[in-house]
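**Student:** what follows is a predicted protein model with its sequence.
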Amino acid sequence: MVAPFDFALDRELWRWVPDEISLRLTRTPYVPVEVSLDLARLVSEHETLSEAVQALAASEPEVIAYACTSGSFVGGPIGERAMCEAMTRAGEVPSVTTTGALTEALEELGISRLALVTPYTESVTQSLEDYLGEVGVSVSGRAFLGLTRDIWKVPYRSVMDMARQAVVGAADALFISCTNLATYDAIPQLEAELRMPVLSANQVTMWAALRRLGAQAVGPYQRLLIETAPARPVILPSLPTLPATPVVPLFQDFSVAQDFPVSQDFPGPSVPSVPLDPMRPMEPASAPSAEPEPVLESVSDPVDSAQILPLPEARTDEQEGWT
């Protein structure tokens, strides 16, 4: 990761990085210039970028990201592509810039109308609007702070207030510019309130860089990360292989007598063939009684009165002790 000399939000970048990915940063040399178009041009010179990339080469990075919005839009789309080519030549790995990542995210989400929030002066903000116009994105509204230093000290509340001011027209999404502006925790709140995708400079930078590694940026409730996440295949746990079990038919024709020989493993008397009636219920195996019990054919059959036990006589209250 190559950042301008005044970049102060290393910790915020790490919040988008998965545990298995390592992030390494270097900075461009210090120049005594305030945040302006002049500073944007100085921190994006090809020689400066090449030296920064070579400083990272010893750690063998797999992708190089330039984390500066103004430095990557000041030269227009052609200048942004030339920056990527210069970094790729110096590091021999894929490269991406913040503004290039923004363009990629807008295309991915199908956004053509954008609301802008920047901490810059009006001239720097206008340069960003001009860049967006060249890539086919119109700006429906904007809000800027006019700062020339200490952008990293801007609190979340100010970012939230500017966002509400910028979304005045029919915007498809909101973009919060400048990698020195903290936005990680503001994105979910703004998306819930404004009902639209909210992109930020650091977010799109990390999203695009990690995509080139085949990884997914980490960020709860952020539309860019949710809607562009790759589909994960459902992997079911493997089940143990069971031995083959013979199939026993549930219904069998018993109209024909069949023989059921006993297995040789369990010697015993053979079972005779017995014709069975499939409509007759099975009876439990028991020894037949010598004398079958009488069955009453109807309620009118005669009954021996000697077999009927007399009912006990009812007791009176006096017998029970009641008065």
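**Tutor:** Right, received. Where do you want to start?
**Student:** mind listing the helices for the chain?
**Tutor:** Taking DSSP state H, the helices of the chain run over residues 10-15, 37-42, 46-57, 69-73, 76-91, 98-109, 122-134, 156-166, 186-194, 201-211, 223-227, 317-320.
**Student:** run the chain-centre distance for the fourth one.
**Tutor:** Centroid separation for helix 69-73 versus its chain: 31 Å, with CA atoms, centre = their mean, to the nearest Å.
**Student:** so which elements touch it?
**Tutor:** helix 37-42, helix 76-91, helix 98-109, helix 122-134 (3 or more CB pairs under 8 Å, 6 or more residues apart in numbering; DSSP states H and E). No exception for glycine: its C-beta is placed from N, CA and C like everyone else's.
**Student:** again, 6 Å this time
**Tutor:** helix 98-109, helix 122-134 (3 or more CB pairs under 6 Å, 6 or more residues apart in numbering; DSSP states H and E).
**Student:** circling back: nearest to residue 145, of the helices of the chain?
**Tutor:** Set against residue 145 and scored by CB to CB, the helices of the chain come closest in helix 156-166, at 7.0 Å.
**Student:** list the buried residues in that closest one.
**Tutor:** Under the neighbour-count criterion of 16 or more other CB atoms under 10 Å, helix 156-166 has 159, 162-163, 166 buried.
**Student:** per-residue confidence at residue 57?
**Tutor:** Here the pLDDT value assigned to residue 57 is 89.
**Student:** residue 168 too?
**Tutor:** On the pLDDT scale, residue 168 gets 86.
**Student:** what's the answer for the one 4 residues further on, then?
**Tutor:** Confidence per residue is given as pLDDT, and for residue 172 that number is 96.
**Student:** quick one: it and residue 21, what's the gap?
**Tutor:** Residue 172 sits 30 Å away from residue 21, going by CB to CB, to the nearest Å.
**Student:** just residue 2 next, same as before
**Tutor:** From residue 2 to residue 21 the distance is 17 Å (CB to CB).
**Student:** more neighbours, those two?
**Tutor:** Between residue 2 and residue 21, counted using other CB atoms under 10 Å, residue 2 has the larger neighbour count: 28 against 17.
**Student:** how much space separates the more buried one from residue 225?
**Tutor:** In this view, residue 2 and residue 225 are 23 Å apart by CB to CB.
**Student:** which one of the helices of the chain lies nearest to residue 140?
**Tutor:** Nearest to residue 140 among those is helix 156-166 (8.5 Å), distances taken as CB to CB.
**Student:** what helices or strands is the closest one leaning on?
**Tutor:** Using 3+ CB pairs under 6 Å, 6+ apart: helix 156-166 touches strand 113-118, strand 138-144, helix 186-194.
**Student:** which of these is buried the deepest?
**Tutor:** Ranked by mean neighbour count, those are led by strand 113-118 with a mean of 24 (mean count of other CB atoms under 10 Å).
**Student:** tell me how far it is from the chain's mean position?
**Tutor:** Between the centre of strand 113-118 and the centre of its chain there are 27 Å (CA atoms, centre = their mean).
**Student:** how about stretch 134-153?
**Tutor:** Chain-centre distance of stretch 134-153: 30 Å, with CA atoms, centre = their mean.
**Student:** try stretch 184-204
**Tutor:** Averaging C-alpha positions (CA atoms, centre = their mean) puts stretch 184-204 17 Å from its chain's average.
**Student:** pull up the distance across it, start to finish.
**Tutor:** 11 Å (CA to CA, to the nearest Å).
**Student:** list of residues touching that stretch?
**Tutor:** For stretch 184-204, contacts defined as CB atoms under 6 Å, 6 or more residues apart in numbering pick out 12-13, 15, 69, 98, 101-102, 105, 109, 156, 159, 163, 167, 173-179, 183, 221-224.
**Student:** give me the pLDDT for residue 298.
**Tutor:** pLDDT for residue 298: 46.
**Student:** do the one 5 residues further on as well
**Tutor:** Per-residue pLDDT puts residue 303 at 50.
**Student:** could you give the mean pLDDT of stretch 229-248?
**Tutor:** 54.
**Student:** nearest the middle, which residue of this structure would you pick?
**Tutor:** The residue lying closest to the centre of the chain (CA atoms, centre = their mean) is residue 226, at 6.2 Å.
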